[in-house]
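Student: I need the structure of the sequence given here:
(2 chains)
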Amino acid sequence: AQSVTQLDSQVPVFEEAPVELRCNYSSSVSVYLFWYVQYPNQGLQLLLKYLSGSTLVKGINGFEAEFNKSQTSFHLRKPSVHISDTAEYFCAVSEGSGGYQKVTFGIGTKLQVIP
Amino acid sequence: KAGVTQTPRYLIKTRGQQVTLSCSPISGHRSVSWYQQTPGQGLQFLFEYFSETQRNKGNFPGRFSGRQFSNSRSEMNVSTLELGDSALYLCASSLAANDLAKNIQYFGAGTRLSVL
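Tutor: Residues are numbered from 1 along each chain as shown, chains lettered A, B, ... in the order given. This next block holds a predicted model:
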């Protein structure tokens, strides 16, 4: 069974500092990996995805993530955060076949950007 | 292209009542999934519908049910509401194509249910 572990429930960081949000997964098959962002009182918005190819994927708002198969990790990074990045971030893993996918989400990491 | 639309955005109910939530997927999307989001529990998968059939179900009691219509719109029903059902209910739609790379889930803004 697939699972996702987000190692930090909250991450405080000063504005313009770099940030890394950690995500580890487990799965017995090849998977697709995603990061979603949730702003207050909103649904989840897709930030970036890893499907295949280059292990470094770039997303919206200056975020990027690196897929590391040997360490089963998919950490999210941004070199310089802004106040507007304050939100909750969810890592997700998807596996399946025949048009059906099962998506499992991590418990989320709250990023608090401090001015 | 319009996104995933969930109605209503907010609901207040009392224990024992029942509630119906609605989700209109992105045009062309055939799969609709429902999640319950609560603080500390993250997103818990409720069920997924495709072609008016429930394809998969999470570990929720039978009080939680759903259906999908021929136009792919979906409804979720919770009967005999309990205080613990207070949560944000999220709907996500995807193409349900055989190519999983095209099966990215897109979420609605959610319905926040408060049970008093």
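Student: how about the residues of chain B near chain A?
Tutor: Proximity of chain B to chain A, by C-beta under 8 Å from any C-beta of the partner chain, involves residues B:4, B:6, B:31, B:33, B:35, B:40-43, B:45, B:48, B:50, B:55-56, B:90, B:92, B:94, B:96-98, B:100-101, B:103-110, B:112. The way it works is simple: take the backbone N, C-alpha and C, and place the C-beta from them, glycine included.
Student: What strands flank the strand of greatest length in chain A, and is each parallel or antiparallel?
Tutor: The residue-count maximum for a strand in chain A (DSSP state E) belongs to strand A:87-97. Using DSSP bridges, the strands paired with strand A:87-97 are strand A:32-38 (antiparallel), strand A:100-105 (antiparallel), strand A:109-114 (antiparallel).
Student: Please list the residues outside the second one that contact it.
Tutor: Put plainly, it is strand A:100-105. A:2-4, A:32, A:34, A:36, A:90-96, B:31, B:33, B:35, B:42-43, B:45, B:48, B:50, B:55-56, B:94, B:96, B:100, B:103, B:105 (C-beta atoms under 8 Å, 6 or more residues apart in numbering or on different chains).
Student: Just the CA trace of it, in CSV.
Tutor: Backbone C-alpha positions of strand A:100-105 (Å, rounded to 0.1, in the frame of the first residue of the first chain) are rendered in CSV as follows:
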residue,chain,number,x,y,z
TYR,A,100,-8.2,4.7,-12.3
GLN,A,101,-5.7,6.1,-9.9
LYS,A,102,-5.5,6.0,-6.2
VAL,A,103,-4.2,9.2,-4.7
THR,A,104,-2.9,9.3,-1.1
PHE,A,105,-2.1,12.6,0.5
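Student: quick one on the thing from earlier: which of the residues of chain B next to chain A are buried, as a ChimeraX select command?
Tutor: The ChimeraX command for the buried members of those (criterion: 16 or more other C-beta atoms under 10 Å in any protein chain shown) is given here:
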select /B:4,6,31,33,35,42,43,45,48,50,55,90,92,94,96,100,103,104,105,106,107,108,109,110,112
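Student: so where is chain B shaky, pLDDT-wise?
Tutor: Low-confidence segments of chain B (pLDDT under 70): B:1, B:97-101.
Student: ditto for chain A
Tutor: In chain A (pLDDT under 70), the answer is A:1, A:28, A:96-100.
Student: Show me the strands in chain B, by range?
Tutor: Under DSSP E, chain B gives strands at B:5-7, B:10-13, B:19-24, B:31-38, B:42-50, B:53-57, B:64-68, B:74-78, B:87-94, B:106-107, B:111-115.
Student: what packs against the first one?
Tutor: Okay, so that is strand B:5-7. On a contact count with 3 or more C-beta pairs under 8 Å, 6 or more residues apart in numbering or on different chains; DSSP states H and E, strand B:5-7 meets strand B:19-24, strand B:87-94.
Student: at 6 Å instead, please
Tutor: strand B:19-24 (3 or more C-beta pairs under 6 Å, 6 or more residues apart in numbering or on different chains; DSSP states H and E).
Student: give me every residue that touches residue 67.
Tutor: You didn't pick a chain, so chain A it is. Counting by C-beta atoms under 6 Å, 6 or more residues apart in numbering or on different chains, A:F67 touches A:50, A:55, A:74.
Student: um, chain B though
Tutor: B:E75.
Student: What residues are bridge-paired with B:I12?
Tutor: Under the criterion used (DSSP bridges), B:I12 bridges to B:S114.
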